[in-house]
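J.: Everything below, folded, please.
(one chain, ligands or ions: 3)
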Amino acid sequence: MKIVTPDAMRKIEDEYINGYGMDSFALMETAVISIMKHVNIKDRNIVVVCGFGNNAGDALGVARHLIVLHKIVKIFICSNGRELSRDCIKNMNILYKMNASIEFIRKTEDLNSLNKSISESDVVIDGLFGTGLSRQLDTYYTDIIKSINTYSKYVLSIDIPSGMNGENGYIMGECVKANKTVALQFYKKCFFCDKAKNYTGDVVVESLGIPKEISEKYDEKVYTSDEITDKILPKRNKYSHKGTFGRTTIAAGSEKYTGAAYIAAQAAVKTGAGLVTLATSKEQVPIMQSKLAEAMICDYEDKYFVEIIKKSNVVACGPGLDSNDSSLKIVEEVITNSECPIVFDADAINVLSAHKELLFGRKEKNIVLTPHPGEMARFCGCSIEDVNNKRIEIAKNTAIETNCIIVLKGYNTVITDGEKIFINTTGSSAMASGGMGDCLTGIVTGLISQGLDPFKASVLGVYIHGFIGDSLSKQMYSVTATDIINKISLYLKEFES
Ligand SMILES: NC(=O)C1=CN([C@@H]2O[C@H](COP(=O)(O)OP(=O)(O)OC[C@H]3O[C@@H](n4cnc5c(N)ncnc54)[C@H](OP(=O)(O)O)[C@@H]3O)[C@@H](O)[C@H]2O)[C@@H](O)CC1
Ligand SMILES: Nc1ncnc2c1ncn2[C@@H]1O[C@H](COP(=O)(O)OP(=O)(O)O)[C@@H](O)[C@H]1O
Ligand SMILES: [K+]
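T.: Ligands and ions are numbered 1, 2, ... in the order given. Alright, predicted model coming up:
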């Protein structure tokens, strides 16, 4: 599904109304009907808090329908002296004719009535601000938002929790803490910014029926990953053999770290890579030989290492490496001896932070970097906080600068080739355990091995990895990389075309 900025949303609505001749009040009513689906029919006492724009217009429309359903509805208009939008006035005039209870919040004392009504209510409908919020809020509004957050039992926000900047997720002084947000037509970009989830509650997207031709015209190329993951895996041809599904080399593991190499190699095997070779440190070879039944094993010093890289369809490098000079040598060997796609993870990324020049000069954009925020911060020379505050921008800029595909891991992993951006919606903190990243590297590598292009493989790999984690976490308190590996091939079947 598409993700939009407030600017694109405004242009889309404008074109629909002024270009295609759609009636703006009819469009608002479509929004109202879709929001109504999310009001619990059992709730009786409802407070509707409005600002003065079209977000408020939506809320007043909802109030109108609720009154018809015999609910006890108290409407508070918080315009701070501003003129209401045209469609907002239309709904308000109807409400006056229906003898609805409407109060204006003009001064601090008026807040007492709001507070009392909210504390007696089952639900608050939040229609203060939507995509139009662009500036820091003054105390008139922050006090109202504090009242909602202090006294409400349940909050349903319309389009965006009021107080959040729709573009960057910044909190403009104070923000409504919703239990649920009904987003109109598209996800808003702010939902995928750091900590947004603390305010949005559950997000549902409801269609306004806007024609595809219009939304495509203002496509900002940001999507949730399910936009492309459906039936994306090619069916396995009846006449295919192990060679068809690619030669994969995994350069992983060091004297210091052992598990990572096993997890990455086994994940690639279970994803369906044809022939997997694990190159690892000399000390690890006998251990890996006893653990890995399907993969072949060699060590980094073996002359076979360079040969196998040259023959590979994909190489993964980094899980369980150390960030020392011998790792730099391995990374160099992988890059200089291959033209095939490479997936760099963990310490390979740390090594590359100081040698970015190694990434330049590829004919194709076929190197994937899979940093977690700490590795991303080191790679970009900024703080982890900076990364978390601007995940989408930082991932995109790094993809452009390095000509690589970036998979910035964490909650809502960002996958970008510098042009398109996919934001993953699967996975949870149940998966926050050591080895998960190594498992992801194995999955993405295994998918590339079977012929998927590196960008699509990254989007699908991240999606499946989280999808399996979500599915297992319904019955398991925490999910390990081994749990995921055991289920990969079972779940991959669902993604077959
Ligand atoms: N268009 C359509 O057809 C449809 C739209 N829909 C709905 O409309 C919503 C967008 O509505 P909107 O554009 O009217 O803006 P909204 O969020 O209500 O804010 C109102 C105004 O606040 C102002 N403002 C900004 N910052 C401020 C601040 N700090 N303190 C005080 N004021 C501040 C700013 O005006 P400004 O002061 O910049 O002139 C802004 O215009 C959208 O989220 C969806 O719910 C749906 O009905 C479907 C059909
Ligand atoms: N809260 C979360 N929500 C979604 N996915 C998560 C969450 N925490 C971790 N993950 C996923 O688990 C994996 C952990 O990767 P990484 O941090 O590299 O771990 P490690 O190095 O221990 O293997 C990533 O794919 C990440 O996206
Ligand atoms: K709102």
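
J.: And the closest residue to residue 190 other than its chain neighbours, its phi and psi?
T.: Take residue 190 and drop its neighbours on the chain: the residue closest to it by CB to CB, 6 or more residues apart in numbering is residue 169, 3.9 Å away. For every residue, glycine as well, the C-beta is placed using N, CA and C. The phi and psi values for residue 169, taken as degrees, to the nearest 10, are phi 70, psi 10.

J.: Just give me the neighbour total for the nearest residue to residue 430 once chain neighbours are set aside.
T.: Residue nearest to residue 430 in three dimensions, not counting chain neighbours: residue 473, with 3.8 Å by CB to CB, 6+ apart. Neighbours of residue 473 under the rule other CB atoms under 10 Å: 18.

J.: Report the contact partners of residue 473.
T.: By CB atoms under 8 Å, 6 or more residues apart in numbering, the contact set of residue 473 is 428, 430-431, 479.

J.: picking up where we left off before, the residue nearest to residue 190 and residue 193 touch, don't they?
T.: Yes - using CB atoms under 8 Å, residue 169 is in contact with residue 193, at 2.7 Å.

J.: the more surrounded of those two?
T.: residue 169 (25 against 21).

J.: Let me see the contact set for that one.
T.: 189-196.

J.: Can you redo these as CSV, where the extra columns are distance to ligand 3, secondary structure and pLDDT?
T.: Shown next, in CSV, are these (distance: CB to the ion, whole Å; DSSP: H, G, I helix; E, B strand; the rest coil; pLDDT from 0 to 100):
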residue, distance to ligand 3, secondary structure, pLDDT
189, 16, helix, 96
190, 12, helix, 96
191, 13, helix, 96
192, 18, helix, 94
193, 16, coil, 90
194, 20, coil, 83
195, 17, coil, 85
196, 14, coil, 93
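
J.: Pretty sure residue 298 sits in a strand.
T.: Yes - membership of residue 298 in a strand is supported by DSSP: H, G, I helix; E, B strand; the rest coil.

J.: what about it, distance to ligand 1?
T.: Using CB to the nearest ligand atom, to the nearest Å, residue 298 is found at 58 Å from ligand 1.

J.: Need the pLDDT of that residue.
T.: Model confidence at residue 298, expressed as pLDDT, equals 95.

J.: That one against residue 277, yeah?
T.: Yes - assessed by CB under 8 Å, residue 298 is found in contact with residue 277 at 6.4 Å.

J.: Could you check which of the two has the larger neighbour count?
T.: residue 277 (23 against 20).

J.: Who's the closest spatial neighbour of that one, skipping the chain neighbours?
T.: Nearest one to residue 277, counting by CB to CB, 6+ apart, is residue 296 at 4.5 Å.

J.: show me what contacts the one you found?
T.: 275-278 are the contacts of residue 296 under CB under 8 Å, 6+ apart.

J.: buried sites along the worst-scoring helix or strand of the chain on mean pLDDT?
T.: In the chain, the helix or strand scored least confidently by mean pLDDT, DSSP states H and E is helix 226-229, which has a mean of 88. Within helix 226-229, the residues that count as buried by 16 or more other CB atoms under 10 Å are 228-229.

J.: right, and the helix or strand after that helix?
T.: The first helix or strand that comes after helix 226-229 along the chain, using DSSP states H and E, is strand 247-251.

J.: Which elements pack onto that next one?
T.: Judged by 3 or more CB pairs under 8 Å, 6 or more residues apart in numbering; DSSP states H and E, strand 247-251 is in contact with helix 259-271, strand 275-280, helix 303-311, strand 314-317, helix 436-449.

J.: how about the CA coordinates for stretch 455-470, as CSV?
T.: The C-alpha coordinates for stretch 455-470 follow below in CSV (Å, rounded to 0.1, in the frame of the first residue of the first chain):
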residue,chain,number,x,y,z
PHE,A,455,15.9,-5.3,-4.4
LYS,A,456,12.8,-7.5,-4.6
ALA,A,457,14.6,-10.2,-2.7
SER,A,458,15.4,-7.7,0.1
VAL,A,459,11.8,-6.5,0.3
LEU,A,460,10.4,-10.1,0.2
GLY,A,461,13.1,-11.5,2.6
VAL,A,462,12.4,-8.9,5.2
TYR,A,463,8.7,-9.4,4.8
ILE,A,464,8.8,-13.2,5.1
HIS,A,465,11.3,-13.1,8.0
GLY,A,466,8.8,-10.9,10.0
PHE,A,467,5.8,-12.8,8.7
ILE,A,468,7.1,-16.1,10.1
GLY,A,469,8.1,-14.3,13.4
ASP,A,470,4.6,-12.8,13.7
